[in-house]
Every structure is written in C-alpha cells, then in structure tokens.
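Chemist: Below are the sequence and a predicted model for it; my questions follow.
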Number of protein chains: 2
Amino acid sequence: MNIAVAQSGGPTCAINASLVGVFSEALKEPAIDAIFGSINGIEGMIHDHLIDLKTMIRTNADMEMLLQTPSTVLGSCRYKLKDWHDDETVYQKIIERFQQRQIGAFFYIGGNDSMDTVMKLSEYVKEKGLDTKIIGIPKTIDNDLCITDHTPGFGSAAKYVATTMQEIIRDSSVYSAPSVTIVEIMGRNAGWLTASSAVLHANGETAPHLIYVPECKFSLQQFLEDIRQKMAKHKAVIIAISEGVEAADAATFQSGVTDEFGHKYLSGIGKYLEGVVREQIGCKVRSIELNVMQRCSSHLCSKTDIDEAVQIGAAGVQAALSGETGKVMVFQRLSDQPYTVVVTSTEAANIANRERFLPSSYINETGNNITDAALPYFLPLIQGECNMRMQNGLPVHFKIQESVLK
Amino acid sequence: MNIAVAQSGGPTCAINASLVGVFSEALKEPAIDAIFGSINGIEGMIHDHLIDLKTMIRTNADMEMLLQTPSTVLGSCRYKLKDWHDDETVYQKIIERFQQRQIGAFFYIGGNDSMDTVMKLSEYVKEKGLDTKIIGIPKTIDNDLCITDHTPGFGSAAKYVATTMQEIIRDSSVYSAPSVTIVEIMGRNAGWLTASSAVLHANGETAPHLIYVPECKFSLQQFLEDIRQKMAKHKAVIIAISEGVEAADAATFQSGVTDEFGHKYLSGIGKYLEGVVREQIGCKVRSIELNVMQRCSSHLCSKTDIDEAVQIGAAGVQAALSGETGKVMVFQRLSDQPYTVVVTSTEAANIANRERFLPSSYINETGNNITDAALPYFLPLIQGECNMRMQNGLPVHFKIQESVLK
C-alpha cells in the first residue's frame, strides 16, 4: 500500500520533525510503497496535489535539514471539512484520491481543527466501507489539546519564550530610571505559552514579575495596582501577557487608543497596555510582541520537543499498521523526574474542537503570576539543544521549489 | 595605579565581552591594582558609585558567563557632558574621583555619544595637567561609527536578524494565498543592520525581496509598485525595512493611521506600512518588529563578534598603558577572505557625534535592495557560534544584585 501525509494549521518548529517521523518509519516498513506528501494540508488531497516524498527527501542529510527547518515544508491550510451528512462533494474527491493512489493510510499533522478533519474523514471512510486508516499527529505551540500531556511544537516555543524573556530582562535593567516592559505572547484562549515563561523563576530570576493568562479575569484597575506594587520593589518591572487577555474595564481607559474602526486593541493587547501604563503611571514603558518568532525559531528549538515530534510521527505509522483509525497520537507522562513519556492514542473526537486550559493550581491566588507547582510540568519540555548544520553562519533550511507549492 | 571601566548607551550582545576584555587584560598587568566598575556609565564616576570588579568577577566561570550575558552588567546611561568651557562642575567631580581613587585610566565602552564623553573628558584632563588616560571602546548594533570597519555588537545583531528573517521566510510561505510580510529593523539614520539581512541571498534565498534603508529616498507610491512587481513572481513577499525610513508622500496615505497626537507612525513604520498595504493592495499582510531582541539575543551571538569585543577591550588597556589618551579603539580590516582585522586607535574626535552610512555600492540602483557587493563585508561578521553554559534548558546569565545597581 501507499500512504500520504499532510501538514496543517499554524507553523511550529516541530511539524517537519513529525513529517520526518512518519517518513522514516514508513521507509522501514516493507508493507509501505509510495509515501505521498499532500501540499497545503487536506487541500492537496482534494486537488490531487501530491508529491512523492522519496524524491523530495533523498538522504539522511535531507532529513537532518528538515529537523532544523521550521514551519511546514509541505505548506499548510486552514480548511475545515463540512459535515458529510450535509455535503459529500469534497469527501468524495478525497476518497477518489485514496482509491486512485492506493492510499492505505493518511496522516494529518495539525491542531484541534485538523483533528476535526481526522474525525470526520475517518467516519466517512468507514461509512463507505473503505479501509484507509486516518491518523492525527498533534502539533501546536498553544499546547491546548486535550488528553495529550503536551503537544509537539510547544516545548520549542516555550524554550524560545523563556530564553528571549531572560534576554529582555537583561535589556530592560540597564538604566537607572524605573521602567515597565510588557511582553505579549501567543495564546488566544489558553495561557500555556505565557505561563511557561515562569521557568525563569527556576533559575533565580524574579522576573517575569507579573504573568497574565486568559484563564483569569483581567481588570486594568488591578493591573495598574499590580504594577505599582511591583515597582516599589523592582526598578524594571517585567510583565508577560497572553495576546488573548481582555480587559473587562477597558472602556474606561479608551481615550485615544482605539482606531477609526473602533478596534479596541489597535496593535494587540501589549501595545494597548503600553499606552495605558504611560498615561496612568507615566513611567518609561515598552511593549514587545514576540510575534511569529515564538513559533518558528528553530535555531533555539528544544531537543526534547524535536525528538518527541519524530517519535510521535513514527508511532502514528505503527498505529495505522496495527489497524487503528480515527485516532490521534498522544503523549502520556509517566514521571516528571526522570522525565518519562509514552505515546498512546485516543479517539479523534476527544481532541477535535476542544481546548485544554491551565490547571488552576498553576495560577496564583491573585491571578497575576504562575506558581512553582507548574515548573515540574514545563521544565522537561525545554531541555536540550539541537546541533545545527550551518552555512555562512546561518542554519541551513530544507527548501522545496516555490513552484511545487503553487 | 587603579583603572575604571564603564558601559554606556543601548544594550548589545557584546558590551560585557568588552568588559571582560578590559578586566582580563588588566588582571595580567602588574602595573594595575584595583579595577573599578562604574555603575550606570559616567554617572557612576560622578556619584562615586563604583564597585571593585575583582569582587564581582571572581572566577573564569564568571568571565565565561559574562561573555554570554547580553546588555550592560554595570548598567548604562544616556548622559551627555556639557562643554567644560561652559560648566566645569561635573568634570571637577569626575577628576576628584580619579584622584581620590588613583584612577590612571578610564575605559568607556559605548557608541558615538559616549565617544563625545571620551573626547571632552580627555581634553579636560589634559588641560588640568592630570595623567589619567581616557580610552573609548566602541559598541553599537547600528554599526554607524566612523573610521572603524565595524562595531562590536553589530555582528551578533546581524546574525540574529538574518537567522530570524530566514525563519520568518519559512513561516510566511505556508499558505496558498499571496501575502506580504514587513520586518522592521533597528537603525534610525543608517541602514547597516537592515542591509545585513541580505546575507540570506548568499544562501540561495530570494528573500528579503525588498530592502529599504534610510540612506535612500522612500515613497509609498513606489513601495506599493515594488510590492506589486514582486507579488507577480513570489507568493510570499518578504520586506526588510529600517525603523528610520520616512515616507515623503505619507500625507496622501494618512487616513486613520495617525494617533490623537498626530504622530505619523503610531507603532513604527512597519505597522504603518502594514495598514497602507492592507488598504491599497488588499492582500494578507503582517508586520513584525524585531524590537529589543535584535540587540540582546546573546543565545544567537556571533562568535567572531564576541571574540573581537574581548580583543578590542584588551587592546584598549594596552593603548592606555602605552600612553594613549583621548583615543577610540577601532578595527581595521586587512582582508575579507581570509577575514583579517587588526585593532588600532583613532582620535575620539574622529568618531564622536559622527555617523557612518552605507556606501552607495551596497545599494541597488532602484534603492529597494542590497547588492551582492555588500556580502563579503557582512558575511565574516556573523560567523561562528558560542557554546552556551545552560541551566534548566536556558542560557545562564551573569547577574549582579539589583541593589548594587540602584
């Protein structure tokens, strides 16, 4: 039989590592012939835009290069399948492709939206009596998938956030004047990545002095009070805040910070709060958005994360071969120290369209910092560095022709 | 005799390396007794806020940690000395300190403003018949100092910018829809750091497809035309632009992007142009500000830069011992390949308050990209990586008590 693999959703440092996991494991299996890559996620299956991965990934050096290349080498998509009871058109196209190309297993590397595709597609395939196995391989820097202990991509993002935050702390502490630095971190509904900046406390940093996550109610009044308290103790106050935090009492602070369309946070919550602090406290203040760097900084990836991303991709292949379908591969943590995880699987329905939030024990009582109870969870995920292959002083990336992706 | 050293201006990855250079070279010299660190630049000399560096930097491990710690461990300042002909008060305080503390040489690690201090102070010291040598050690990520081939701190910033830009390219290329990504890079008047992103072209990247520096006239009309041309060839157009670029014809595009105070670029030129592209071209567009990360990301420093920063600090000590004063240490490049530089010195007056701009041969005819002629200049500066000492998966930083800096 042949197999196909696709990548979906927002970039991370580990999605290509999971592709390597699927690919290298499939290579070892005599039962598997061609390994197709579907371009731009499920869209490649729909439009028959597939490439033969054995012609793309030719050597071990290619695989090593892929491991250090962020984002999705096969492109991505944000495509959501409709309910097949309402409209089968797209499903029929996909199934046609499975049959034409003799695809016995399809691996979808993605977040909770992609696991919705795994769920629906596997149901449809069963309904039609086909034997193609559909397996989800998780990824997201948001770490917000249910069941799995953590998601590939998160560890590297967390390592980037903490390392960069530590450098920002040094940068912010040089002048004698008091200052506030607000670092905006990705996470619309769940605060995992923002919370992970607390790992710096394990290394003796007092900063971040304040950490705000979407799981807690946020009030500007309290925020300003928190800052004033911290400023009494620290010359340079450092704040980590999730992009998804919303101020319930923002309306009372609105003057001049909405744009002409009435958007509340013209350039994100960090920039917005920078304006509020400047106006209300009047000290030196800076906001920093870690932007896409937090999801694509492979030069600073966590070796644990990359190794596990390969492992979970490979485990997906074995799951399909042993007859599983409609499943998502997940990590189960057996121990924090020594850090031990095993890969198992769960029904896609347990993960699709659901979100996992920070446990309340990780958040302090006042809702403005992360407790030390969270550290044994986060720390193992950021361990280890990958040796990068360099050219001209820069990490070498695996690239495919722009024309292939078009 | 004793010596003193201070750090000034904006943070870089290499300022502490130059401190290590001064310190370790001074340790070797039997003529030098105490080595004082002046807290917050020249302000520490004025207010007698000095610490004995031998009690702060005790071991080789301390020195190694300092090498991988960004920013200024002794704090910084933005203090400009008045002309001593007008007001001698502060000068008298400094000189008093020199005499009290028997300081025979003072080393000032900083940018062109700090070299103004070196110039004025050395003149005053001579005028008063004192023998304290005043030596400047250059640093700035802007690379805009005259005479010197390049400045310590620039190579690491350039390596960060290029590495991050490459990751942003991967991140931006995943979806099938056309997009524009605008990366805003530091540099108010000189485009060195922005231009350095062109090193990616040496590794076969077509991006950045457009590079705008303050040395060239910039028109929004032409900018939009440039983008349209590049979009015809590339799905994801990547743009590097200096923060200091100003649009001559911005007024015609102003709707809704000024704030209530009439500031032209509410959140920087990148964010501003993002709005213009969205409005005028209507495609997916994102702006990214590399912010302070580009000056403090020691985890990604250039080994060449750090080694040279140590070397130029050490050379400063030897210059003072051989009787030089009112001088700034500079790099003279003898060859691009093999890359060879020597450290010499120049009168502070040649550097103080002056700026060096990109040579026109580095900029293409249309003023929207950097030529390959620039690559032999930039490439040697970003070579090599430093092995970082890690703790809990994070680089270890050298820290001094917050109370010492207060």
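Modeler: Done, it's in.
Chemist: in what helix or strand does A:V277 lie?
Modeler: Here A:V277, judged by DSSP states H and E, is contained in helix A:268-280.
Chemist: and stretch A:373-389, which residues are buried?
Modeler: Buried residues in stretch A:373-389, defined by neighbour count with 16 or more other C-beta atoms under 10 Å in any protein chain shown: A:374-375, A:377-386, A:388. For every residue, glycine as well, the C-beta is placed using N, CA and C.
Chemist: Residues of the stretch 51-200 of chain A that sit close to chain B?
Modeler: Proximity of the stretch 51-200 of chain A to chain B, by C-beta under 8 Å from any C-beta of the partner chain, involves residues A:69-72, A:75-78, A:159, A:162-164, A:166-168, A:170-176, A:199-200.
Chemist: Report the secondary structure state of the most centrally placed residue in chain A.
Modeler: With distances taken as C-alpha atoms, centre = their mean, A:I141 lies nearest the centre of chain A, 1.7 Å away. Look at A:I141: counting by DSSP: H, G, I helix; E, B strand; the rest coil, its state is coil.
Chemist: How about the one 5 residues further on?
Modeler: Going by three-state DSSP, the secondary structure assigned to A:C146 is coil.
Chemist: quick one, what contacts it?
Modeler: Going by C-beta atoms under 8 Å, 6 or more residues apart in numbering or on different chains, A:C146 touches A:N350, A:I351, A:R354, A:E355, A:R356.
Chemist: Could you identify the most distant pair in those residues?
Modeler: The span of the contacts of A:C146, defined through C-beta to C-beta, is set by A:N350 and A:E355 at 12.3 Å.
Chemist: and those two? which has more neighbours close in?
Modeler: More neighbours surround A:N350 than the other of A:N350 and A:E355, with 16 against 13 (other C-beta atoms under 10 Å in any protein chain shown).
Chemist: My read is that that one contacts A:I147, right?
Modeler: Yes: if you go by C-beta atoms under 8 Å, A:N350 and A:I147 touch, sitting 5.2 Å apart.
Chemist: what do these two both touch?
Modeler: Joint contacts of A:N350 and A:I147 (C-beta under 8 Å, 6+ apart) are A:V328.
Chemist: who's in contact with A:F106?
Modeler: A:I3, A:A4, A:V5, A:A6, A:M45, A:F98, A:L121, A:T132, A:K133, A:I134, A:I135 are the contacts of A:F106 under C-beta under 8 Å, 6+ apart.
Chemist: Low-confidence regions, the stretch 1-150 of chain A specifically.
Modeler: Residues of the stretch 1-150 of chain A meeting the criterion pLDDT under 70: none.
Chemist: Strands of that one, start to end?
Modeler: With DSSP state E, counting those that start in this stretch as the criterion, the stretch 1-150 of chain A has strands at A:2-7, A:35-38, A:50-52, A:103-110, A:133-138.
Chemist: got the angle for the fourth one vs strand A:2-7?
Modeler: Put simply, strand A:103-110 runs at 10 degrees to strand A:2-7, going by axes from the mean of the first three to the mean of the last three C-alpha atoms, to 10 degrees.
Chemist: Can I get strand A:103-110 in CSV? Just the C-alpha atoms.
Modeler: What follows is strand A:103-110 as a C-alpha-only set of coordinates in CSV (Å, rounded to 0.1, in the frame of the first residue of the first chain):
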residue,chain,number,x,y,z
ILE,A,103,-3.5,5.2,-0.1
GLY,A,104,-4.0,2.8,2.8
ALA,A,105,-3.2,5.4,5.5
PHE,A,106,-3.4,9.2,5.7
PHE,A,107,-1.5,11.1,8.4
TYR,A,108,-2.6,14.6,9.3
ILE,A,109,-0.2,16.7,11.4
GLY,A,110,-2.1,19.5,13.0
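Chemist: Quick check: neighbours of it in the sheet, parallel or antiparallel?
Modeler: strand A:2-7 (parallel), strand A:133-138 (parallel) (DSSP bridges).
Chemist: Adding distance to A:G153, write these out as TSV.
Modeler: What follows is the strands paired with strand A:103-110, written out as TSV (distance: least, C-beta to C-beta, whole Å):
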stretch	distance to A:G153
strand A:2-7	11
strand A:133-138	9
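Chemist: Of the ones you listed, which stretch is the most buried?
Modeler: Highest mean neighbour count among those (mean count of other C-beta atoms under 10 Å in any protein chain shown): strand A:133-138, with a mean of 29.
Chemist: Restrict that strand to CA atoms and write it as CSV.
Modeler: Presented in CSV, the C-alpha positions along strand A:133-138 are these (Å, rounded to 0.1, in the frame of the first residue of the first chain):
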residue,chain,number,x,y,z
LYS,A,133,-6.7,4.5,8.1
ILE,A,134,-6.8,8.1,9.2
ILE,A,135,-4.4,9.1,11.9
GLY,A,136,-3.9,12.5,13.6
ILE,A,137,-0.4,13.7,14.7
PRO,A,138,-0.8,16.6,17.1
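Chemist: got a list of contacts for that strand?
Modeler: A:18, A:21-22, A:104-111, A:114-115, A:118, A:121-122, A:125, A:145, A:148, A:151-152, A:312-313, A:316, A:319-320, A:323-330, A:345, A:348, A:351.
Chemist: what are the phi and psi angles of the residue nearest to the centre of chain A?
Modeler: Note on A:I141: backbone dihedrals following degrees, to the nearest 10 are phi -70, psi -20.
Chemist: With A:P380 instead?
Modeler: According to degrees, to the nearest 10, A:P380 has phi -60, psi -20.
Chemist: which residues sit in contact with it?
Modeler: Shown in contact with A:P380 (C-beta under 8 Å, 6+ apart): A:T304, A:D336, A:Q337, A:Y339.
Chemist: Compare those and tell me which is most surrounded.
Modeler: Most neighbours among these, by other C-beta under 10 Å: A:T304, with 21 neighbours.
Chemist: And the strands in the stretch 251-400 of chain A?
Modeler: Assignment of strands within the stretch 251-400 of chain A using DSSP E, counting those that start in this stretch yields the ranges A:284-289, A:327-336, A:339-347, A:390-391, A:394-395.
Chemist: what's the fourth one packed up against?
Modeler: By that I understand strand A:390-391. If you count contacts as 3 or more C-beta pairs under 8 Å, 6 or more residues apart in numbering or on different chains; DSSP states H and E, strand A:390-391 packs onto no helix or strand.
Chemist: Can you tell me what sits against it?
Modeler: A:V396, B:N203, B:E385.
Chemist: Surely A:I238 touches A:A207?
Modeler: Yes: between A:I238 and A:A207 a contact is recorded at 3.8 Å, counting by C-beta under 8 Å.
Chemist: Need the overlap of contacts for those two.
Modeler: Joint contacts of A:I238 and A:A207 (C-beta under 8 Å, 6+ apart) are A:M165, A:I169.
Chemist: Correct me if wrong: A:D62 contacts A:K399.
Modeler: No: A:D62 is beyond contact range of A:K399, at 10.8 Å (criterion: C-beta under 8 Å).
Chemist: Please list the residues of the stretch 251-400 of chain A that sit near chain B.
Modeler: A:255-256, A:259-261, A:266-267, A:271, A:286, A:288-289, A:291-293, A:295-300, A:302, A:379, A:382-385, A:388, A:390-397, A:399.
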